[in-house]
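1. From the sequence below, what's the structure:
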Amino acid sequence: MNKKKVLVTGGAGFIGSNYVDYILENFDDEVVVLDKLTYAGDLKNLENASKSAKYQFVEGDICDAGLLEQLFQKHQFQQVVHFAAESHVDNSITGPSAFIETNIVGTFQLLQAAYKLWMDGPNQLKEGFKEARFLHVSTDEVYGTLGETGLFTETTSYAPNSPYSASKASSDFIVRSYFHTYALPVVTTNCSNNYGPNQHKEKLIPTIIRKAISGAPIPIYGDGQNIRDWLYVRDHCTGIKLALDKGRLGETYNIGGRNERKNLYIAHTICDLLDDLKPQEKSYKEQITFVTDRPGHDFRYAIDASKLENELGWKAAETFETGIHKTVAWYLENSDRL
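-> Next up is the predicted model:
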């Protein structure tokens, strides 16, 4: 397969860094990571990648149009995989402006840079860029919330409820518009909740592990009955790569692990694993504490990934139970990341 030069934005973050490792381990593509290194980005996440001759890192902001133009001109990217985003829902409630700037304006600037390099005008891809692809990574939170039943599909209406999900919904629409207006070769993926190595320590699963082993109360919002559909991060990466290479242009593909679990079940499962892997006098479950619910906390998310499975042959390799075992073991070996 011919070697491509790929721009990965947000590649020092949780999902982005796992994607970079997956590409460098399994494909010949050269990867340039662009990351602003805000709270979610950490060069420790790219320690494996930094040993590869096929990898380069650039510290910078996707909102910087001049920097983007310079990078696109210099590297002549054939593919863009766009992870860079402010993504912490709680932070979007207390400080929404960064989410509007990065997630909406940053996505627009990236699309503009790709358009300038790849196209002579609407519907006119330049020679040398006929196979170019722009993959936009988004979230199931754009669909809002579900009741006890039903699944999000690619045709579910958007109904975002937090400043974070509203900013991601806006970016999805801008990406869509560049396909319908200019025929820019874009594909969008919307994923369910990811977990695995390199996740930011403020997120639910690393927080449960950290609080448990430090002896602190393990905080669970509300009554712990909120449901999320969990996706092991490496499974997400395989889905993104398939959608990037083989997805139909202008289409959206949902990526979910078919692993709906209540937050309280997540906490209990992690405590059971820790009781086994790092036992103490009492069960870690005794540290579970219920705290005031998050404002506007969506009750349930669940994704129907059958379009990706049926069209492109994707399948999640991990169940929640196999993936969480790998994740807890990784954090115990890398406790500095908690």
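
2. Tell me which residues are up against the strand or helix carrying Asp90.
-> In this assignment (DSSP states H and E), Asp90 forms part of helix 89-94. Helix 89-94 is contacted by residues 86, 98-99, 141, 162-165, 167, 202, 294-296 when judged by CB atoms under 8 Å, 6 or more residues apart in numbering. No exception for glycine: its C-beta is placed from N, CA and C like everyone else's.

3. Identify the residues contacting the closest residue to Ile303 other than its chain neighbours.
-> Closest residue to Ile303 apart from its sequence neighbours, by CB to CB, 6 or more residues apart in numbering: Gly256 at 2.8 Å. By CB under 8 Å, 6+ apart, the residues touching Gly256 are 140, 152, 191-192, 229, 231, 302-305.

4. Swap in 6 Å and give it another go.
-> Applying CB atoms under 6 Å, 6 or more residues apart in numbering, we find Gly256 in contact with 192, 229, 231, 303, 305.

5. which of those count as buried?
-> 192, 229, 231, 303, 305 (16 or more other CB atoms under 10 Å).

6. Would you mind extracting the C-alpha trace of the one helix or strand in the chain whose mean pLDDT sits lowest into CSV?
-> Taking mean pLDDT, DSSP states H and E as the measure, the chain has helix 89-94 as its least confident helix or strand, at a mean of 90. Only the C-alpha atoms of helix 89-94 are listed here, as CSV (Å, rounded to 0.1, in the frame of the first residue of the first chain):
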residue,chain,number,x,y,z
VAL,A,89,-18.0,18.2,29.7
ASP,A,90,-17.6,19.6,33.3
ASN,A,91,-15.0,22.2,32.0
SER,A,92,-17.4,23.2,29.2
ILE,A,93,-20.0,24.1,31.9
THR,A,94,-17.6,26.4,33.8
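
7. Just the buried positions in that helix, please.
-> 89, 91-92.

8. go on, stretch 110-120?
-> Buried, per 16+ other CB under 10 Å, within stretch 110-120: 110-115, 117-119.

9. Are we agreed that Phe134 is in a strand?
-> Yes: assessed with DSSP: H, G, I helix; E, B strand; the rest coil, Phe134 lies in a strand.

10. That one contacts Ala183, correct?
-> No: shown here, Phe134 and Ala183 do not form a contact pair, counting by CB atoms under 6 Å, at 11.7 Å.

11. What helix or strand is Thr66 located in?
-> Quick fix: residue 66 reads Gly, not Thr. With DSSP H and E as the criterion, Gly66 is inside helix 65-75.

12. any chance you could map the helices in this protein?
-> Using DSSP state H, the helices of the chain run over 14-26, 65-75, 89-94, 97-99, 107-118, 163-182, 204-214, 233-246, 263-277, 306-312, 320-333.

13. Quickly, which of these bottoms out on average pLDDT?
-> Mean pLDDT is lowest for helix 89-94 out of those, coming in at a mean of 90.

14. And the pLDDT at Met1?
-> Looking at Met1, the pLDDT reads 54.

15. And the one 3 residues further on, by the same measure?
-> As predicted, Lys4 sits at a pLDDT of 96.

16. what residues are up against Tyr296?
-> Check again: residue 296 is Gly, not Tyr. Taking CB under 6 Å, 6+ apart as the test, what Gly296 contacts is Asn161.

17. er, Glu318 I mean
-> Contacts of Glu318 (CB under 6 Å, 6+ apart): 232, 235.

18. can we see that at 10 Å?
-> For Glu318, the contacting residues are 195-196, 230-235, 257, 259, 324-327, by CB atoms under 10 Å, 6 or more residues apart in numbering.

19. same question, Tyr164
-> Counting by CB under 10 Å, 6+ apart, Tyr164 has contacts 85-93, 96, 99, 103, 139, 141-142.

20. ok, how many other residues are close to the nearest residue to Trp330 once chain neighbours are set aside?
-> Nearest non-adjacent residue to Trp330, counting by CB to CB, 6+ apart: Pro197, 4.6 Å away. Using other CB atoms under 10 Å, Pro197 is surrounded by 20 other residues.
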